[in-house]
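Student: missing the sequence, but the structure's below:
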């Protein structure tokens with residue numbers, strides 16, 4: 001469904017850009033924000049926007065004006081780095097305000113507030129007739145580049161400012177279009193460098209899985225199709241009406257983002273029970289404890305206690321499963337994605353059976369990608385739990401417990417690195433498992449697996465993350 005939605009919206013907004021005062025990025029960002037977290041939406045929009053402009057550059061690059069590229073483009077690139085850095089700092093910050101509108105809980109995050117206010121500002125400026133005629137003297141080109149690049153890096157809103165500073169140069173239509181495309185590509189490439197660095201450092205979610213890249217690809221080609229159709233209908237559409245309708249729609253979207261009522265993929269509809277899918281092995285299926293003592297069941301119960309309606313979790317897990325076993329089971333399972341929350345805890349049997357760390361890394365990475373797919377291609381709806389350390393249990397008393405702990409540390413370092421790189425939340429339950437060394441009540445009757453008490457402790461640790469995701473606050 002996400003693919004159909006993104007394809008339709010990208011086609012429509014690309015069509016509208018020919019008649020409205022807004023660029024592709026301005027209109028496509030809210031669309032991506034409906035299926036991605038906002039930081040991912042900004043990055044995805046930047047990718048589509050850059051490819052669209054690279055396509056234009058390939059056709060018109062010979063007409064670009066070098067002096068403008070230097071005087072406007074260099075300040076724009078430098079300012080884009082600053083704007084993009086600010087965006088990465090906003091990503092993942094704690095909410096500024098949580099308020100209620102009837103049964104609907106609104107979460108105002110720094111990134112949603114900034115994006116919403118910017119959309120409101122640029123939409124308002126475009127709707128004011130007098131602003132359409134604003135032009136700046138050519139001597140202010142470096143200032144124009146700085147402003148356009150900064151807002152381009154921060155939110156992608158660069159086209160309107162750039163046009164206002166380039167229009168007085170009286171360039172030919174080909175030179176104007178070519179210079180615009182080259183400058184936009186320069187800004188997009190600059191901000192994507194900063195977004196990418198923040199993504200790999202684990203500070204920002206980004207386009208990471210095959211499904212997300214597929215959505216970006218679908219949006220790109222759908223945008224091309226919308227532009228082609230718009231060109232054919234250019235003479236048959238009342239431009240003023242389209243501009244007004246589009247501007248008013250963006251005002252509503254901007255207000256929704258700034259107020260926290262519209263948080264896209266993180267939002268949970270009021271009065272609707274959410275669905276949890278839990279993937280794993282014996283630790284997830286709850287070997288040696290009653291069904292009600294499994295950690296995903298505890299988590300669902302705790303969520304209900306804080307007012308989040310949750311269906312009984314769907315569990316795909318079995319005692320003894322390795323990453324490969326879970327992969328086979330997922331391929332055979334009858335599932336109904338997208339799920340509102342997907343959890344993943346796997347790897348202890350890879351270590352116990354002496355399988356290599358490299359095999360585990362590869363298997364875990366594939367499972368995490370599949371978990372993201374099952375969450376609607378949204379990494380913000382996935383939670384990974386670390387592997388508990390069974391070396392402190394009675395079962396392992398005759399084993400080399402130091403070797404077990406060392407191996408599991410390596411496995412957990414690997415799964416944590418892969419998890420954070422994908423923009424997925426990571427919950428470290430390993431320290432809780434170590435408490436079994438001094439507290440027998442945390443071990444089940446088989447002397448190996450956790451008791452219901454320990455499973456509840458895991459769920460309590462995961463609860464704040466799960467609640468924020470399901471209430472619309474991201475990770």
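Tutor: Structure's in. What do you need? In this text the structure is predicted, and so the values were computed from the model without any measurement. Numbering: from 1, shown residues only.

Student: the residue of the chain most remote from its centre: what secondary structure?
Tutor: Distance from the C-alpha centroid of the chain, by C-alpha atoms, centre = their mean, peaks at residue 398 (45.4 Å). Using DSSP: H, G, I helix; E, B strand; the rest coil, the structure places residue 398 in coil.

Student: I'd say residue 144 and residue 72 touch.
Tutor: Yes - here residue 144 reaches residue 72: they are 6.0 Å apart, a contact under C-beta atoms under 8 Å. In this view, the C-beta of every residue, glycine as well, is placed from N, C-alpha and C.

Student: need the residues touching each of those two.
Tutor: Shared contacts of residue 144 and residue 72 (C-beta atoms under 8 Å, 6 or more residues apart in numbering): 162, 165-166.

Student: more neighbours: which of residue 144 and residue 72?
Tutor: Between residue 144 and residue 72, counted using other C-beta atoms under 10 Å, residue 72 has the larger neighbour count: 28 against 22.

Student: per-residue pLDDT, that one?
Tutor: Note for residue 72: predicted pLDDT of 93.

Student: that one reaches residue 183, doesn't it?
Tutor: Yes - counting by C-beta under 8 Å, residue 183 is a contact partner of residue 72 at 6.2 Å.

Student: common neighbours of those two, please.
Tutor: Among the neighbours of residue 72, those also in contact with residue 183 (C-beta under 8 Å, 6+ apart) are 145, 148, 162.

Student: tell me the one among those nearest to residue 467.
Tutor: Using C-beta to C-beta, residue 148 is the member of these that lies nearest residue 467, at 39.6 Å.

Student: quickly find the element holding that closest one.
Tutor: helix 141-154 (DSSP states H and E).

Student: what's whichever helix or strand comes after that helix packed up against?
Tutor: Remark: after helix 141-154, the chain's next helix or strand is helix 159-166, criterion DSSP H and E. Contacts defined by 3 or more C-beta pairs under 8 Å, 6 or more residues apart in numbering; DSSP states H and E place helix 159-166 against helix 24-33, helix 110-127, helix 141-154, helix 173-200.

Student: redo those as CSV? Include distance to residue 355 and mean pLDDT.
Tutor: CSV is the format used below for those (distance: least, C-beta to C-beta, whole Å; pLDDT from 0 to 100):
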stretch, distance to residue 355, mean pLDDT
helix 24-33, 39, 72
helix 110-127, 40, 80
helix 141-154, 44, 90
helix 173-200, 27, 84
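
Student: ranking those by burial, who's on top?
Tutor: Ranked by mean neighbour count, the helices and strands packed on helix 159-166 are led by helix 24-33 with a mean of 26 (mean count of other C-beta atoms under 10 Å).

Student: who are the packing partners of the helix or strand hosting residue 461?
Tutor: For residue 461, the element it lies in under DSSP H and E is helix 452-471. Packing contacts for helix 452-471, counted by 3+ C-beta pairs under 8 Å, 6+ apart, involve helix 295-305, strand 341-345, strand 382-385, strand 425-427, helix 430-434.

Student: okay, buried residues for that helix please.
Tutor: Neighbour-count burial for helix 452-471, counted by 16 or more other C-beta atoms under 10 Å, picks out 452, 454-459, 461-463, 465-471.

Student: quick one: that helix to chain centroid distance?
Tutor: 21 Å (C-alpha atoms, centre = their mean, to the nearest Å).

Student: now do that helix against helix 295-305, angle only.
Tutor: Interaxial angle, helix 452-471 versus helix 295-305 (axes from the mean of the first three to the mean of the last three C-alpha atoms, to 10 degrees): 50 degrees.

Student: separation between residue 96 and residue 260?
Tutor: Taking C-beta to C-beta, to the nearest Å as the measure, residue 96 falls 9 Å from residue 260.

Student: neighbour count for these two, which is higher?
Tutor: Neighbours were counted for residue 96 and for residue 260 using other C-beta under 10 Å; residue 260 has more, 25 against 12.

Student: how far away is that one from residue 33?
Tutor: In terms of C-beta to C-beta, residue 260 sits 13 Å off from residue 33.

Student: also residue 80?
Tutor: On the measure of C-beta to C-beta, residue 80 and residue 33 end up 20 Å apart.

Student: next one: residue 96
Tutor: According to C-beta to C-beta, residue 96 and residue 33 sit 18 Å apart.

Student: burial check on residue 69, number of neighbours?
Tutor: Other residues lying near residue 69 total 17 when counted by other C-beta under 10 Å.

Student: report the contact partners of the nearest residue to it once chain neighbours are set aside.
Tutor: The shortest distance from residue 69 to any non-neighbouring residue, by C-beta to C-beta, 6 or more residues apart in numbering, is to residue 182 (6.0 Å). Residue 182 is in contact with 53, 57, 61, 64, 69, 73, counting by C-beta under 8 Å, 6+ apart.

Student: cool, and residue 111?
Tutor: With contacts defined as C-beta under 8 Å, 6+ apart, the neighbours of residue 111 are 38-39, 87, 90-91, 93.

Student: between the residues you listed, which is nearest residue 156?
Tutor: Closest to residue 156 out of the contacts of residue 111 is residue 87 (9.6 Å), distances taken as C-beta to C-beta.

Student: now the angle from the helix holding residue 148 to helix 110-127?
Tutor: Using the same axes, to 10 degrees, the inter-axis angle of helix 141-154 relative to helix 110-127 is 130 degrees.

Student: what helices or strands is helix 141-154 leaning on?
Tutor: Under the contact rule (3+ C-beta pairs under 8 Å, 6+ apart), helix 141-154 is packed against helix 74-90, helix 110-127, helix 159-166, helix 173-200.

Student: how about these, which one is nearest residue 323?
Tutor: Closest approach to residue 323 among the helices and strands packed on helix 141-154 (C-beta to C-beta): helix 173-200, 23.3 Å.

Student: list the buried ones in the helix or strand hosting residue 324?
Tutor: Secondary-structure assignment from DSSP H and E places residue 324 in helix 323-332. Burial within helix 323-332, assessed by neighbour count using 16+ other C-beta under 10 Å, is assigned to 323-327, 330.

Student: make TSV from those and add distance to residue 308 to it.
Tutor: Putting those into TSV (distance: C-beta to C-beta, whole Å) gives the following:
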residue	distance to residue 308
323	30
324	34
325	31
326	27
327	30
330	26
